[in-house]
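>>> take a look and give me a structure for this.
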Amino acid sequence: MDVDGGRRVFNRLGPSSSSDGGSNNKQQKVCFYWRQGKCTKFPCPYLHSELPAASNGKRTAHQGFGTDDKYRAGGGLRRSGNNNYFNNYSKVWGREQSRQPATDDRTTVKKIDKLCNNWKAQGSCRYGDTCKYLHQWSTGDCFSLLTPLEGHREVVTGIALPSGSDKLYTGSQDETIRVWDCQSGQLAGVVNLGGAVGCMLSEGPWVFVGLTNLVKAWNIQTSAELSLNGPVGQVYSLVVGYEFLFAGTQDGAILAWKFNVAANCFEPAASLKDHTRAVVSLVVGGNRMYSGSMDQSIKVWSLETLQCLQTLTGHSDVVMSVLCWDQFLLSASLDKTVKVWAATETGNLDVTYTHTEEYGLLTLCGMHDSEGKPVLMCSCNDNSIRVYDLPSFSERGKIYSQKEVRSIQIGPGGLFFVGDGSGLVRVWKWSNANDSPAAAS
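Have a look, this model is predicted:
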């Protein structure tokens with residue numbers, strides 16, 4: 001970098017086309033202030049463009065519009081038990097799979113992997129296609145943005161699609177639930193709760209909402225509304241398994257209720273208290289429940305006895321998300337890693353692969369793409385979602401948001417929903433999803 005006449009400029013690679021260093025000086029240097037989007041001098045003696053560069057292989061997502069399919073929300077990449085998955089995949093985590101190379105377009109500007117601030121804030125940028133930053137909400141050609149759902153004022157912490165309903169429910173720390181019509185995409189109603197939503201879950205006709213010191217339950221078929229008392233502090237996570245409803249709470253306990261059909265109520269069943277700090281993630285796989293906590297551990301619970309079977313201590317920061325896929329457990333942490341756990345000969349879980357990101361991870365979501373292939377979405381602390389093939393962890397693309405993404409939910413017909421810290425919910429769709437198998441089981 002040179003300092004020339006009080007203005008900082010960057011030398012452009014390549015030989016000079018003139019030896020006089022005078023009139024052709026503009027062809028050799030790029031304006032530093034232009035690169036920051038701050039140059040106001042006209043005409044400027046320095047370049048306001050970059051050398052044409054080879055494409056980075058990233059492809060632009062196409063725009064589209066939605067579907068009117070109905071769907072029972074899935075819980076991730078769970079399939080019927082098949083031990084062949086373990087045999088096939090236990091040694092191939094992280095191995096690159098062959099992919100068709102992207103077209104090398106040397107006439108385009110090489111983009112920096114970051115959203116343009118002007119485009120993000122205003123929807124336009126005066127530099128247009130010559131801007132070195134991205135003017136799109138995703139990279140990769142396997143999914144497209146359909147529509148934004150605007151209305152929440154704070155971070156979206158839960159998204160639910162109840163069985164048999166044509167409504168989408170979104171919850172936020174702005175103390176509201178918004179109900180959206182899946183046919184029109186329009187707002188159908190707002191529920192004021194008087195407390196921040198920590199999480200949401202739909203199971204059959206029920207919608208569960210984690211609040212402070214409380215879990216709310218609504219039956220959308222009968223309009224029944226129940227309040228489940230017992231939690232201490234914010235409820236951060238909810239899951240259903242073995243006819244129990246489990247809630248992970250701020251004080252480190254996992255509370256369990258069982259539904260009494262005759263009395264049409266949920267009755268307290270157990271309180272699991274092995275964690276020392278808040279339980280922020282729960283998932284059920286087979287006859288086990290897995291809990292991720294701020295105490296940096298994962299607990300493995302028997303759903304038959306409700307006893308802790310094992311404590312997993314491979315992470316060095318908060319375990320933000322846990323996910324079951326076939327015979328594997330995947331966990332994401334603020335320590336910037338995704339860990340893949342598999343059962344050893346003794347029956348205990350051990351790390352079989354560690355994937356590292358540049359930023360801390362917030363949530364995982366597993367689904368299948370338009371061809372039925374397993375895909376992992378990893379929300380990171382840089383306001384992006386990394387999309388990977390499994391088990392290779394080959395990157396498929398990225399999705400960008402205005403703020404951090406706390407909620408990702410699978411929908412019908414290849415749809416998925418992303419809620420971020422700005423309160424915005426975006427609807428995305430896998431390409432050619434109408435010709436594909438269901439996105440999740």
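>>> quick one: the strands in the stretch 301-441 of the chain?
308-312, 319-325, 328-333, 337-343, 349-356, 361-368, 374-380, 384-389, 395-400, 405-410, 415-420, 425-430 (DSSP state E, counting those that start in this stretch).
>>> so the first one versus strand 337-343, what angle?
Which is strand 308-312. Counting by axes from the mean of the first three to the mean of the last three CA atoms, to 10 degrees, strand 308-312 lies at 140 degrees to strand 337-343.
>>> quick one, strand 308-312 and strand 349-356 angle?
Going by the same axes, to 10 degrees, strand 308-312 makes 30 degrees with strand 349-356.
>>> contacting residues around strand 308-312?
Residues from elsewhere that reach strand 308-312, judged by CB atoms under 8 Å, 6 or more residues apart in numbering: 272, 274, 288, 297-302, 331, 341, 348-349. C-beta coordinates here come from the backbone N, C-alpha and C atoms, glycine included.
>>> and the protein, what are its domains?
The chain is divided into the following domains under automatic domain parsing: 1-49, 83-103+138-435.
>>> out of these, flag the one nearest residue 127.
Among the domains of the chain, the nearest to residue 127 by CB to CB is domain 1-49 (7.5 Å).
>>> buried residues in the longest strand seen in the chain?
Using DSSP state E to define each element, the chain has its longest strand at strand 225-241. Neighbour counts over strand 225-241 (16 or more other CB atoms under 10 Å) mark 226, 228, 230-231, 234-241 as buried.
>>> same thing with stretch 212-227?
So for stretch 212-227, counting by 16+ other CB under 10 Å, buried means 212, 214-218, 220, 226.
>>> what do you get for stretch 258-274?
Buried residues in stretch 258-274, counted by 16+ other CB under 10 Å: 259, 266, 272, 274.
>>> pick the one among the residues you listed closest to residue 423.
Taking CB to CB as the measure, residue 423 lies nearest residue 266 of the buried residues of stretch 258-274, at 30.0 Å.
>>> show me the beta-bridge partners of that closest one.
residue 259 (DSSP bridges).
>>> kindly report the same for residue 144.
residue 429.
>>> based on its surroundings, how many neighbours for it?
Neighbour count for residue 144, taken as other CB atoms under 10 Å: 19.
>>> just the pLDDT for it.
As predicted, residue 144 sits at a pLDDT of 91.
>>> so how far is residue 344 from it?
Residue 144 is 42 Å from residue 344, where distance means CB to CB, to the nearest Å.
>>> for my notes, confirm residue 251 occurs in a helix.
No: per DSSP: H, G, I helix; E, B strand; the rest coil, residue 251 lies outside any helix segment and is coil.
>>> ok, it - contacts?
Listed by CB under 8 Å, 6+ apart, the contact partners of residue 251 are 232-233, 278.
>>> in space, what's closest to residue 319 - neighbours in sequence excluded?
Leaving aside its sequence neighbours, residue 319 sits nearest to residue 292 (CB to CB, 6 or more residues apart in numbering; 3.3 Å).
>>> residues in contact with the one you found?
279-282, 298, 318-322, 331, 333.
>>> ok, now residue 402?
So residue 402 contacts 120, 383, 420-422, 424 (CB under 8 Å, 6+ apart).
>>> okay, it: pLDDT?
On the pLDDT scale, residue 402 gets 88.
>>> now residue 26
43.
>>> run the chain-centre distance for the helix or strand hosting residue 281.
If you go by DSSP states H and E, residue 281 is part of strand 279-285. Here the centre of strand 279-285 is set off from its chain's centre by 16 Å, with CA atoms, centre = their mean, to the nearest Å.
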